[in-house]
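Trainee: quick one, what's the 3D model for this:
(chains A and B)
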Amino acid sequence: MSVQTWTYLLVGITFALYIGIAIWSRASSTKEFYVAGGGVSPLANGMATAADWMSAASFISMAGIIAFAGYDGSVYLMGWTGGYVLLALLLAPYLRKFGKFTVPDFIGDRYYSNTARIVAVVCALLVSFTYVAGQMRGVGVVFSRFLEVDINTGVIIGMVIVLFYAVLGGMKGITYTQVAQYCVLIFAFMVPAIFISIQMTGNPIPQLGMGSALNDGSGLYLLEKLNGLSTELGFAEYTSGSKDLIDVFAITLALMVGTAGLPHVIVRFFTVKRVKDARKSAGLALLLIAILYTTAPAVAVFARTNMINTVSEQEYGKMPEWFKNWEETGLLSFEDKNADGKIQYVADAAINELTVDRDIMVLANPEIADLPAWVIALVAAGGLAAALSTAAGLLLVISSSVSHDLIKKVFVPTISEKGELWAARGAATVAVVIAGYFGINPPGFVAAVVALAFGLAAASFFPAIVLGIFYKRMNKEGAIAGMVVGILLMLFYMLKFKFGIFDGGKEAVAGLQADWWFGISPEGFGSVAMIVNFLVSIVVMQFTPSPPHHVQEIVEDIRIPSDAGAAVDH
Amino acid sequence: MSEKQQKATAYWKENLRYLIILLLIWFMVSYGAGILFKEALDSIQIGGFKLGFWFAQQGSIYVFVILIFVYVRLMNKLDKKYGYDE
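Mentor: Predicted coordinates:
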């Protein structure tokens, strides 16, 4: 069977599975819609959290980014896993004990203020929309490459599927489809990695293969070989970085704190039964995520070495099939600058003839390594599972922010249970359409905006929630001032140094690097904005009244794990 | 302070002590071994891995997972000790 037949088959089967689960687990109350009824087992929640978290970026892009960045790519590996330690130790158990439906719920109640609630809703919407647009785009790319449909058709198919199970099933439908999606995506990621690890090093465990000697009789370690190849072609040594220490530090911190502050991840911990389940499922989630995250750097090393070996100084006319396929998508291009018919792939931009989009590394890897057709198709199904599961989780945050936090809590408190459920479904539908629009007409700055999402989450939610739990005396004035200053500072820095809007547009961005504050890039600035948020909150608090007595009691109560009860309907 | 409150305060203090210790380890494996002392650790080679690079791309993640499970164990014990378990 051809790759395409296999792809239709595997994608068809997995989609049918997701729809089947959605019909079986549709939501009939707001509690089921928002938190899956509050009775999800720790393991199921761990799997769902892992699928929720691992997006098209983790599955498709991350290993590719690392393949080209080498050691500098470590910021993503540590940043996107270390955040779970913060989440498990500082947030999840207490938010579960608090026992409401959304993150703005916590902010609004803990800071006894609808202003705080609305600030939180705005942050949640901003973060989630920027994120979901990227997912839809990922769906489109996979469809266009493997099923040879138009990118836009791919996006629309993705929209319909997500719409179906998110709108029908709410959190309950999403949770159980995510469990299935985790299985699909992890299998799809591991199978080619194991194959290639055996091929290159003889070791079936990619995490060990990465540090093993090559199979080709040279006796060289794989990483030594790659370091040699890299420096030979003028790139930085793979295992050393080229970024400044302070920037690596700042980006890692911003990603960790941003991860812990992302609302679609936090809400997953509202769905388990007890506080101890919330702790345990955070551990399971990270364990399941770590399987992919420790394999990705191995995949990066394999892919990079394989690619250099396949293309460097080889004749263009003799390139394998995959090379031509990817050229057609425009994500790979060759320009014979010195007209010798061979591919010069080097660091020097003036001589380099090959441009490779980093996003194709994971998708093309099985083809580069010449693996069987079904493995290649499996990767396509895995990429779709990763993108769809994250999109669904984000859509739920968007719809509950509107139906629960805005309509029910602020504008129409008298709305009936049934009315709220329909408002939630309506909001989810509108959100899917908007997300689809951005998937079809991506703003040229999707990647930049996703980095902004982490910065925003780090600069807004994380300090407000941590202070809300660990600092009883923190009041609404302090928290609101901190969130507003944190977000505005982050936005200002991004607009100035990422988009260059104060200095004449995108062309000016590169020239501004010398002006970075403390030498920290916009990607890492979330850590600075977070610290500023903490400081502003604490200073403002000193000059404003203490929170009322009943709020201090709430804080004392969430610190004690027993009597968590189910998520309360209110 | 009532007895109930005293119990809650004592529980919270022990919890905070665990958090400080665990977060210290969290910081040392990632920001310490993986970033600040990466260069120095790279002079040690284990198999094909330079140690600092290994911490940044592998080791820190393993330690993160272990940390959360240690935390789960410690807290379950603590809950029992104070009668907060269900």
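
Trainee: which one is the residue of chain B found nearest chain A nearest to, not counting chain neighbours?
Mentor: With C-beta to the nearest C-beta as the measure, the residue in chain B that lies nearest chain A is B:Gly48; the distance is 3.3 Å. Every C-beta, even on glycine, is put in place using the N, C-alpha and C of the backbone. For B:Gly48, the nearest residue in space outside its immediate sequence neighbours is A:Tyr221; the separation is 3.3 Å by C-beta to C-beta, 6 or more residues apart in numbering or on different chains.

Trainee: could you pull up the contacting residues of the one you found?
Mentor: If a contact means C-beta atoms under 8 Å, 6 or more residues apart in numbering or on different chains, then A:Tyr221 has A:211-214, B:47-48 as its contacts.

Trainee: now the residue of the stretch 1-150 of chain A at minimum distance from chain B. Nearest residue, chain neighbours left out?
Mentor: With C-beta to the nearest C-beta, the shortest gap between the stretch 1-150 of chain A and chain B falls at A:Ser74, namely 3.7 Å. Closest residue to A:Ser74 apart from its sequence neighbours, by C-beta to C-beta, 6+ apart: B:Ala56 at 3.7 Å.

Trainee: now for that neighbour, how many residues are close by?
Mentor: As a burial measure, B:Ala56 scores 31 neighbours (other C-beta atoms under 10 Å in any protein chain shown).

Trainee: one more: the one 5 residues further on?
Mentor: The number of residues packed around B:Ile61, counting by other C-beta under 10 Å, is 28.

Trainee: report the secondary structure state of it.
Mentor: Put simply, B:Ile61 is helix when judged by DSSP: H, G, I helix; E, B strand; the rest coil.

Trainee: where do the strands of the stretch 301-450 of chain A begin and end?
Mentor: Defined through DSSP state E, counting those that start in this stretch, the strands belonging to the stretch 301-450 of chain A, from first to last, are A:332-334, A:354-356.

Trainee: chain B: which of those strands is closest?
Mentor: Closest to chain B of the strands of the stretch 301-450 of chain A is strand A:354-356 (C-beta to the nearest C-beta; 21.2 Å).

Trainee: please list the residues of the stretch 1-150 of chain A that sit near chain B.
Mentor: Near chain B, the residues belonging to the stretch 1-150 of chain A are A:66, A:71, A:73-74, A:77-78, A:81-82, A:84-85, A:88-90, A:93 when assessed by C-beta under 8 Å from any C-beta of the partner chain.

Trainee: now the residues you listed as CSV including distance to A:Asn475?
Mentor: As requested, these are arranged in CSV below (distance: C-beta to C-beta, whole Å):
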residue, distance to A:Asn475
A:Ile66, 43
A:Tyr71, 44
A:Gly73, 41
A:Ser74, 39
A:Leu77, 38
A:Met78, 34
A:Thr81, 34
A:Gly82, 30
A:Tyr84, 30
A:Val85, 28
A:Ala88, 27
A:Leu89, 24
A:Leu90, 20
A:Pro93, 23
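
Trainee: farthest-apart pair in those, please.
Mentor: The largest separation in those, counting by C-beta to C-beta, is between A:Tyr71 and A:Pro93 at 34.4 Å.

Trainee: okay, the two: which has more neighbours?
Mentor: Each of A:Tyr71 and A:Pro93 had its neighbours counted (other C-beta under 10 Å), and the higher figure belongs to A:Pro93 (29 against 26).

Trainee: before we move on, the earlier item: count the neighbours of the residue of chain B closest to chain A for me.
Mentor: Summarising burial for B:Gly48: neighbours were counted as other C-beta under 10 Å, giving 23.

Trainee: repeat for A:Pro545
Mentor: A:Pro545 - counted by other C-beta under 10 Å - has 9 other residues nearby.

Trainee: please apply the same query to the one 4 residues further on.
Mentor: When neighbours are defined as other C-beta under 10 Å, A:His549 has 7 of them.

Trainee: do the same with A:Gly505
Mentor: Applying other C-beta under 10 Å, we find 10 other residues in the vicinity of A:Gly505.

Trainee: where does it fall, phi/psi-wise?
Mentor: As for A:Gly505, its main-chain torsions (degrees, to the nearest 10) stand at phi 90, psi -170.

Trainee: any idea how many residues pack against residue 4?
Mentor: Reading this off chain A. The local packing of A:Gln4 (other C-beta under 10 Å) involves 15 other residues.

Trainee: my bad, chain B
Mentor: If you count neighbours by other C-beta under 10 Å, B:Lys4 ends up with 9.

Trainee: so which residue is dead centre in chain B?
Mentor: Nearest to the centroid of the C-alpha atoms of chain B, with distances taken as C-alpha atoms, centre = their mean, sits B:Leu22, at 2.6 Å.

Trainee: my guess is it contacts A:Leu89. True?
Mentor: Yes - with contact defined as C-beta atoms under 8 Å, B:Leu22 counts as touching A:Leu89 (6.3 Å).

Trainee: output the below-cut-off pLDDT ranges for chain B.
Mentor: Residues of chain B that meet the criterion pLDDT under 70 lie in B:1, B:86.

Trainee: now with 90?
Mentor: With pLDDT under 90 as the threshold, chain B has low-confidence stretches at B:1-7, B:46-48, B:83-86.

Trainee: in it, which spans are strands?
Mentor: B:45-46, B:49-50 (DSSP state E).

Trainee: neighbours around the nearest residue to B:Tyr11 once chain neighbours are set aside, how many?
Mentor: Spatial nearest neighbour of B:Tyr11, chain neighbours left out: B:Tyr82 (4.7 Å); criterion: C-beta to C-beta, 6+ apart. Burial of B:Tyr82, expressed as a neighbour count using other C-beta under 10 Å, amounts to 18.

Trainee: ok, B:Tyr82 touching B:Gln6?
Mentor: No - at 10.8 Å, B:Tyr82 does not count as touching B:Gln6 under the criterion of C-beta under 8 Å.

Trainee: same question for the host helix or strand of A:Ala50, mean pLDDT?
Mentor: Per DSSP states H and E: A:Ala50 is located in helix A:42-53. This predicted structure assigns helix A:42-53 an average pLDDT of 92.

Trainee: same question, stretch A:433-450
Mentor: 72.

Trainee: against A:Leu185, how distant is the closest residue to A:Leu332 other than its chain neighbours?
Mentor: With C-beta to C-beta, 6+ apart as the criterion, A:Leu332 has its nearest non-adjacent residue at 4.0 Å, and that residue is A:Trp326. Counting by C-beta to C-beta, to the nearest Å, the separation of A:Trp326 from A:Leu185 is 22 Å.

Trainee: could you do B:Lys81 as well?
Mentor: In this structure, B:Lys81 lies at 40 Å from A:Leu185, with C-beta to C-beta as the measure.

Trainee: of those two, which one has the most company?
Mentor: Using other C-beta under 10 Å as the criterion, B:Lys81 and A:Leu185 rank with A:Leu185 on top: 29 against 12.

Trainee: I figured A:Ile501 was touching A:Phe492, is that so?
Mentor: No - using C-beta under 8 Å, A:Ile501 is not in contact with A:Phe492, being 10.1 Å away.

Trainee: before I go, just wanted to say thanks for your time.
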